[in-house]
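**Q** Quick one: sequence plus predicted model below, questions after.
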Amino acid sequence: MIHTDILYWYGIAASFYLTSCLVFIIVRWFHTCQAPKHQRSYIWPDRKLQVAIYMIGFILLPYILNPTNPKAWTLWKMYFPGTYYFYAGALLFCYFGSVKQWNSWKNANWISAIVVSIAMAPLMLDAWIPGGILKPGVSKIWNKVVIATTIVMIGYCALAVWQVRRWINETRDENYSNPDDFPEVFARRVWLAPVWFTPLIWPGVIFDSPRIMAVCNVLLAFFNITMLLIAMPPWRRMDMVVDTEDDSTEQEEDWHDAQAIERAKKIIEEIENYVKKGKGFLDPHLKIDNVVEHCSYSRTYVSHVFKTRYGGFSRYVNRLRLEYYEHYIKQHPNVTKDAAAQESGFSSYIAYYKAKERLEHE
């Protein structure tokens with residue numbers, strides 16, 4: 001009777017978790033929305049990685065099939081701390097790193113993936129192969145190896161959290177030209193997810209209790225679905241609160257100074273050449289940093305010119321885009337509004353509408 005209860009309750013609780021992973025995989029892979037399909041890699045940059053990560057959870061099947069197997073239990077309790085921090089760091093870097101066009105995360109992810117795979121492989125084989133491959137003494141030593149790997153991955157995940165937080169802070173200095181170019185609202189919702197989940201992934205190791213772990217499994221399943229609901233609507237997570245106020249404390253320059261005036265003229269000329277004449281505004285992911293690369297002065301001076309002469313970077317760029325949109329739609333009356341918006345430098349018609357509404361109410 002005890003065996004039956006354990007098999008039923010612990011197995012069912014564990015199956016809740018894997019079922020939530022399966023739901024996440026199916027919805028995340030097939031969910032689309034009205035977003036342009038050719039922009040899929042930009043709108044869903046973490047889509048394939050999320051699916052792959054949640055599929056890896058199915059290596060835990062031996063515990064669901066036989067929760068009384070000590071080797072399957074060892075795999076189950078060590079899996080969560082051993083892999084979670086890598087998963088969290090990888091997903092944060094993949095999504096927000098792709099949005100930021102920051103490719104340095106890829107090498108770090110591959111190295112971390114190899115380290116975690118080496119640490120978890122013996123426990124997986126020990127649970128899947130009848131009779132196992134690890135002796136009890138070796139299994140205890142290897143559990144310590146997994147814990148050591150987890151500590152390293154906590155550092156890796158902390159780096160990802162710190163980097164995403166930096167990118168969130170960047171939205172305050174008007175670095176982006178499109179209102180949906182950096183999903184600040186979504187970022188604020190998920191950047192601390194590794195902290196939220198931590199209390200649910202350690203009890204199995206700390207207490208070595210299948211009963212406590214069963215409760216955590218149900219809660220993890222619930223949070224998996226919650227995270228899915230947060231991540232599912234792409235346009236909802238791409239809402240961005242654009243703050244056009246310059247929070248910098250830099251001292252205002254005296255624009256009556258002859259040297260400052262000459263510098264401003266030079267910067268204005270370089271901005272016009274790149275953004276307007278060179279049609280840089282047609283890049284849907286144009287950032288002020290891209291403009292700075294084509295100017296002879298630092299970001300501080302260029303940003304100051306945008307604010308004082310044009311009313312702000314995004315305001316100037318989006319005015320050009322709106323003008324281009326009006327001309328384009330007249331010359332191509334049969335084109336869809338979404339296509340015209342994309343041709344005009346907006347990432348979508350929704351981005352066009354937000355920019356138009358914002359400028360009209362200023």
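**A** Great, that's in hand.
**Q** Could you measure from residue 225 over to residue 19?
**A** In this view, residue 225 and residue 19 are 10 Å apart by C-beta to C-beta, to the nearest Å. Any C-beta I mention is one placed from the backbone N, CA and C, and that applies to glycine too.
**Q** quick one, domains of this protein?
**A** 2-237, 258-360 (automatic domain parsing).
**Q** Mean pLDDT lowest where, among these?
**A** Here the lowest mean pLDDT among the domains of the chain goes to domain 2-237, at a mean of 83.
**Q** coming back round to it: same list as before, the domains of the chain that is, but in a markdown table and with mean neighbour count included.
**A** Formatted as a markdown table, the domains of the chain follow (neighbours: other C-beta atoms under 10 Å):
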| stretch | mean neighbour count |
| --- | --- |
| domain 2-237 | 17 |
| domain 258-360 | 17 |
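**Q** For the residue nearest to residue 57 when sequence neighbours are not counted, give me its contacts.
**A** In space, and not counting its chain neighbours, residue 57 is closest to residue 21: 4.6 Å by C-beta to C-beta, 6 or more residues apart in numbering. Residues near residue 21 by C-beta atoms under 8 Å, 6 or more residues apart in numbering: 54, 55, 57, 58, 224.
**Q** I'd say the last one and residue 17 touch.
**A** Yes: Residue 224 sits in contact with residue 17 when judged by C-beta atoms under 8 Å, with a separation of 7.4 Å.
**Q** out of all of them, which helix in the chain is the longest?
**A** When the chain is parsed with DSSP state H, its longest helix is helix 136-170.
**Q** Check which element follows that helix along the chain.
**A** Note on helix 136-170: by DSSP states H and E, the next helix or strand toward the C-terminus is helix 184-190.
**Q** next one: that next one to chain centre, how far?
**A** Distance, stretch centre to chain centre, for helix 184-190: 9 Å (C-alpha atoms, centre = their mean, to the nearest Å).
**Q** what helices or strands is that helix leaning on?
**A** Using 3 or more C-beta pairs under 8 Å, 6 or more residues apart in numbering; DSSP states H and E, the elements in contact with helix 184-190 are helix 136-170, helix 210-231, helix 234-237.
**Q** Columns distance to residue 343 on top of those, output as a markdown table?
**A** Listed next are the helices and strands packed on helix 184-190 as a markdown table, based on distance: least, C-beta to C-beta, whole Å:
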| stretch | distance to residue 343 |
| --- | --- |
| helix 136-170 | 28 |
| helix 210-231 | 29 |
| helix 234-237 | 20 |
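**Q** so which of those helices gets nearest residue 284?
**A** Across the helices and strands packed on helix 184-190, residue 284 has its closest neighbour in helix 234-237 (14.8 Å, C-beta to C-beta).
**Q** From the contact counts, what lies against the helix or strand following that closest one?
**A** Using DSSP H and E, the helix or strand that directly follows helix 234-237 along the chain is helix 258-271. For helix 258-271, the contact count by 3+ C-beta pairs under 8 Å, 6+ apart identifies helix 299-310 as packing neighbours.
**Q** and the angle for the helix it packs on with helix 258-271?
**A** Helix 299-310 and helix 258-271 are oriented at 80 degrees to each other (axes from the mean of the first three to the mean of the last three C-alpha atoms, to 10 degrees).
**Q** Centre of the chain to helix 299-310, how far?
**A** Centre-to-centre, helix 299-310 and its host chain are 30 Å apart (C-alpha atoms, centre = their mean).
**Q** got the CA positions of that helix in PDB?
**A** In PDB, the C-alpha atoms belonging to helix 299-310 read as follows (Å, rounded to 0.1, in the frame of the first residue of the first chain):
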ATOM      1  CA  ARG A 299      27.700  59.800 -27.700                       C
ATOM      2  CA  THR A 300      27.300  62.600 -25.100                       C
ATOM      3  CA  TYR A 301      27.600  65.300 -27.700                       C
ATOM      4  CA  VAL A 302      25.400  63.500 -30.300                       C
ATOM      5  CA  SER A 303      22.700  62.800 -27.700                       C
ATOM      6  CA  HIS A 304      22.800  66.400 -26.600                       C
ATOM      7  CA  VAL A 305      22.300  67.600 -30.200                       C
ATOM      8  CA  PHE A 306      19.400  65.200 -30.700                       C
ATOM      9  CA  LYS A 307      17.700  66.500 -27.600                       C
ATOM     10  CA  THR A 308      18.300  70.300 -28.200                       C
ATOM     11  CA  ARG A 309      17.900  70.400 -31.900                       C
ATOM     12  CA  TYR A 310      15.500  67.700 -32.800                       C
END
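**Q** so what does that helix touch, helix or strand wise?
**A** Applying 3+ C-beta pairs under 8 Å, 6+ apart, one finds that helix 299-310 contacts helix 258-271, helix 288-292, helix 313-331.
**Q** So which elements touch the last one?
**A** When contacts are defined as 3+ C-beta pairs under 8 Å, 6+ apart, helix 313-331 sits against helix 299-310, helix 337-343, helix 349-360.
**Q** Measure how far it is from the centre of its chain, please.
**A** With C-alpha atoms, centre = their mean, you get 29 Å for helix 313-331.
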